[in-house]
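1. here is the input, now give the coordinates:
(one chain, ligands or ions: 2)
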Amino acid sequence: MSDCLFCKIIAGEIPSKKVYEDDLCYAFYDINPQAPTHFLVVPKEHMQSVSAVTDGNAPVVGHIFAVIARLAGELGFGEAGYRVVSNIGEAGQQTVPHLHFHVLAGRDMTWPPG
Ligand code: 5GP
Ligand code: ZN
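-> Residues are numbered from 1 along each chain as shown. Ligands and ions are numbered 1, 2, ... in the order given. Okay, here's the model as predicted:
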């Protein structure tokens with residue numbers, strides 16, 4: 001989508017600090033980190049949010065979770081634990097309408113979330 005911030009980041013039109021990339025997804029550090037490690041994993045195909053996931057495009061979401069699990073091990077926080085968050089829509093406080101999963105690690109998380 002031409003006017004989507006994360007589509008522009010995926011295309012390299014806006015610079016980002018890459019964590020990982022393959023044919024289906026792109027992972028990059030959040031510009032405003034909320035934990036010592038905070039990166040986002042996004043599908044390369046534009047979809048608005050979890051609410052746009054269907055049986056047809058669900059495989060990319062499963063792939064993203066496999067990537068997150070692998071990166072957690074490789075980056076050294078898999079054993080300590082971490083949090084994966086996806087904000088959806090207005091009440092969910094989603095600010096960028098391209099599906100993304102926040103991966104937060106490196107501190108003890110609190111519950112309930114704000
Ligand atoms: P949301 O609020 O939609 O769940 O998450 C969007 C995230 O994107 C926020 O955590 C915000 O800091 C991050 N973000 C917004 N603009 C940019 C940007 O230009 N570059 C990077 N790396 N992150 C961004
Ligand atoms: Zn997009």
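
2. list the neighbours of the longest strand seen in the chain that are in contact with it.
-> Longest strand of the chain, by residue count under DSSP state E: strand 37-43. Residues from elsewhere that reach strand 37-43 (CB atoms under 8 Å, 6 or more residues apart in numbering): 6, 9-10, 19-20, 24-30, 57, 60-61, 64, 67-68, 75, 77, 82, 98-106. (Glycine included, C-beta is placed from N, CA and C.)

3. show me what counts as buried in that strand.
-> Neighbour counts over strand 37-43 (16 or more other CB atoms under 10 Å) mark 37-43 as buried.

4. and that strand, how far from the chain's centre?
-> With CA atoms, centre = their mean, to the nearest Å as the basis, strand 37-43 stands 3 Å off its chain's centre.

5. same deal with stretch 64-80?
-> From the chain centre to the centre of stretch 64-80 is a distance of 13 Å (CA atoms, centre = their mean).

6. stretch 107-114 too?
-> Counting by CA atoms, centre = their mean, stretch 107-114 comes out at 18 Å from the chain centroid.

7. which residues in this structure form strands?
-> Using DSSP E, strands in the chain cover 18-21, 25-29, 37-43, 83-85, 101-105.

8. what strands flank the shortest one, and is each parallel or antiparallel?
-> Going back to what we said before, that points to strand 83-85. Using DSSP bridges, the strands paired with strand 83-85 in its sheet are strand 101-105 (antiparallel).

9. who's in contact with the strand it pairs with?
-> 27, 30, 34-42, 64-65, 68, 71-72, 75, 77, 80-87.

10. quick one: low-confidence parts of this structure?
-> For the chain, no stretch has pLDDT under 70.

11. who in it is up against ligand 1?
-> For the chain, the residues in contact with ligand 1 (CB under 6 Å from any ligand atom) are 5, 14, 16, 28-32, 87, 93-96.

12. from those residues, which is closest to ligand 2?
-> L5 (7.4 Å; CB to the ion).
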